[in-house]
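Asker: sequence unknown, structure follows:
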Ligand SMILES: Cc1cc2nc3c(=O)[nH]c(=O)nc-3n(C[C@H](O)[C@H](O)[C@H](O)COP(=O)(O)OP(=O)(O)OC[C@H]3O[C@@H](n4cnc5c(N)ncnc54)[C@H](O)[C@@H]3O)c2cc1C
């Protein structure tokens, strides 16, 4: 008998889909108890029992529009830790007044015109995976709609000769690859949020995928784009190169909805690789690891991904089972035999392409690792990483059930400043919860290296209490300490999550008052009455605890 497939339903106040979950292992929980103590499980208030204020009166909108309470609740917040905490506790939830779903660029244009005429704020919604408060409706914003772009989805055109694909802005990661694969192409853009994030969201937040070393960041992949704004349409053609004044495409990437709504984009695609391989090595120390990564990148070994975990993240992956426990014991015995100690760092490196070239690329990578005293352990851990890489975010919800909060943030610096940056951030996070007498745990890895520097990606943990505001205040304290440390050490306020509402107070510290004013002027030209996403990018209000 054929079993019908389970309907795939997106989870409320959690990451991902109902048919998927990832419980934290007993060892991980034991480690957290030792480092930060035992916390109180975070409740899950049923969405049906939340008090949702009635929607404001809106003008008729020329596209399907819903005011259903559940739809509005689902569009009230993104996927940052405070979003999930607020939704689980049912506290401080401010839904938009309606969710509008235009199906064409022309409909987006008409909706924006109607909203502009009546002073209705518009928050574009791609996949709602923002971790910077980018889709949140702050209190007091006035009549607001969430502009869900899910109907602008799919492959609109494929120029096989030029390796260019035009996709609707609302196309999610799996749908992008599913549309390209039958034609023998891939985009190669795999952020960890790939299951739910969209083409338009990637572009306006300047997203970076896990294989960015080989495929490039989204700004490298975007050849052309269509943006619809209250002031009109901006159609930037796909061109292989151009000297027609300042690069407006670059202005659209990172614009976070302030310059208009991206309705479609033409992206550079590549032939599907015959094979994809990720291998693992262990280096004796973080310093050895950084030197290995720097040499791999600067000597031009054509890898598509590199990930170097610090000793703490390596210990978590190995001894505590964040990675698959099937290979952990074997690798641990091997490392003991090779006298690799507690400071060991796990290094994953991968590439793709035809079988014969993969072999020689990996052999070059292994030589570089060995030059830095690396011990190669083969493809087993890499296979597990590839298989599990989109599942890890599911663990956050299981941790909240057990009384532990976890979140991530990321930055980048030039090679000569990386160590100072990591030191400053680690010290800041370690002391961030001192006012509460609470501890944090912090893990770090490198995952987007460049010739001139690298990103640093941090994961932190703390224990939760039964009080929502208190949990959010602790998160905000860690976040503020980290941001101050990043700015002080010359790192970027975001390598790939974007600015959103939460990082906006620190934008000026990175690009200066004139830089910020330039963006504000461009936003005013495209959206004179400021109806689009007024809460993000340029508004320096501290909204970490909103
Ligand atoms: C578990 C997890 C893992 C993540 N991993 C990564 C990662 O590896 N790499 C990475 O880069 N990011 C990552 N992110 C962050 C997030 O997924 C990215 O910022 C992503 O690009 C957002 O896409 P989205 O479609 O969900 O956008 P949304 O969250 O819906 O929107 C983000 C912002 O863009 C605006 N916006 C959305 N679509 C449009 C549009 N078409 N036109 C104009 N404005 C628009 C929104 O109003 C909002 O301000 C992760 C997030 C989570 C929760």
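Answerer: Received it, and whenever you're ready, just let me know what you need. The structure displayed is predicted, hence computed values, not measured ones.
Asker: use CA for all of it now, contacts and neighbours both
Answerer: Noted.
Asker: show residues contacting stretch 43-54.
Answerer: For stretch 43-54, contacts defined as Cα atoms under 8 Å, 6 or more residues apart in numbering pick out 69-70, 73, 87-90, 93-95, 97, 401.
Asker: repeat the analysis, applying 6 Å as the threshold.
Answerer: Defining contact as Cα atoms under 6 Å, 6 or more residues apart in numbering, one finds that stretch 43-54 is touched by 88-90.
Asker: next one: stretch 403-420
Answerer: The contact list for stretch 403-420 (Cα under 6 Å, 6+ apart) reads 39-41, 452-464, 491-492, 494-495.
Asker: buried ones in that stretch?
Answerer: Of the residues in stretch 403-420, 403-415, 418-420 count as buried by neighbour count, 16 or more other Cα atoms under 10 Å.
Asker: that one close to the ligand?
Answerer: No - judged by Cα under 6 Å from any ligand atom, stretch 403-420 and the ligand are separated, with a smallest distance of 8.8 Å.
Asker: for that stretch, what is the average pLDDT?
Answerer: Computed over stretch 403-420, the mean pLDDT rounds to 98.
Asker: what of stretch 57-64?
Answerer: In the prediction, stretch 57-64 has an average pLDDT of 97.
Asker: list the buried residues for that stretch?
Answerer: By neighbour count on 16+ other Cα under 10 Å, the buried set for stretch 57-64 is 58, 61-62.
Asker: just confirm yes or no for stretch 494-505 near the ligand.
Answerer: Yes - Stretch 494-505 is in contact with the ligand by Cα under 6 Å from any ligand atom, via 496-497, 500.
Asker: may I ask which of those has the most neighbours?
Answerer: Neighbour counts for the residues of stretch 494-505 next to the ligand (other Cα atoms under 10 Å) peak at residue 500, which has 26 neighbours.
Asker: just give me the residue closest to the centre of the protein.
Answerer: For the chain, the residue nearest the mean C-alpha position is residue 497 (5.0 Å; Cα atoms, centre = their mean).
Asker: let's see the pLDDT reported for it.
Answerer: So residue 497 comes in at 98 (pLDDT).
Asker: likewise for residue 326?
Answerer: Reported pLDDT for residue 326: 63.
Asker: before we move on, the earlier item: does the residue nearest to the centre of the chain lie in a helix or a strand, and which?
Answerer: Under DSSP states H and E, no helix or strand contains residue 497.
Asker: now it. Its backbone dihedrals?
Answerer: Per-residue torsions, residue 497: phi -80, psi -20 (degrees, to the nearest 10).
Asker: contacts made by stretch 333-350 with the rest, please.
Answerer: So stretch 333-350 is contacted by 277-285, 303-311, 314 (Cα under 6 Å, 6+ apart).
Asker: near the ligand, which residues of the chain?
Answerer: Counting by Cα under 6 Å from any ligand atom, the chain comes close to the ligand at 79, 123-131, 134-135, 169, 191-193, 197-198, 200-202, 204-205, 207-209, 256-257, 260-263, 393, 496-497, 500.
Asker: quick one, what contacts residue 494?
Answerer: By Cα under 6 Å, 6+ apart, residue 494 lies in contact with 410-411.
Asker: any idea how far it lies from residue 457?
Answerer: Residue 494 sits 10 Å away from residue 457, going by Cα to Cα, to the nearest Å.
Asker: ditto for residue 373
Answerer: Look at residue 373 and residue 457: by Cα to Cα, they are 24 Å apart.
Asker: who's more crowded, these two?
Answerer: The neighbour count for residue 373 versus residue 457, taken as other Cα under 10 Å, is higher for residue 457 (20 against 17).
Asker: quick one: residues contacting that one.
Answerer: By Cα under 6 Å, 6+ apart, the contact list for residue 457 reads 410, 444-445.
Asker: so which of the residues you listed belong to strands?
Answerer: The strands, defined by DSSP state E, take in 410, 444-445 from the contacts of residue 457.
Asker: ok, these vs residue 385, which is closest?
Answerer: Using Cα to Cα, the shortest approach to residue 385 within the ones in strands among the contacts of residue 457 belongs to residue 445, at 14.3 Å.
Asker: after the least confident helix or strand in the chain by mean pLDDT, next one along is what?
Answerer: Lowest on mean pLDDT, DSSP states H and E among the helices and strands of the chain sits helix 328-337, with a mean of 75. Once helix 328-337 ends, the next helix or strand along the chain (criterion: DSSP H and E) is strand 345-353.
Asker: list the contacts of the following helix or strand past that next one.
Answerer: Using DSSP H and E, the helix or strand that follows strand 345-353 towards the C-terminus is helix 355-371. Here helix 355-371 makes contact (Cα under 6 Å, 6+ apart) with residue 292.
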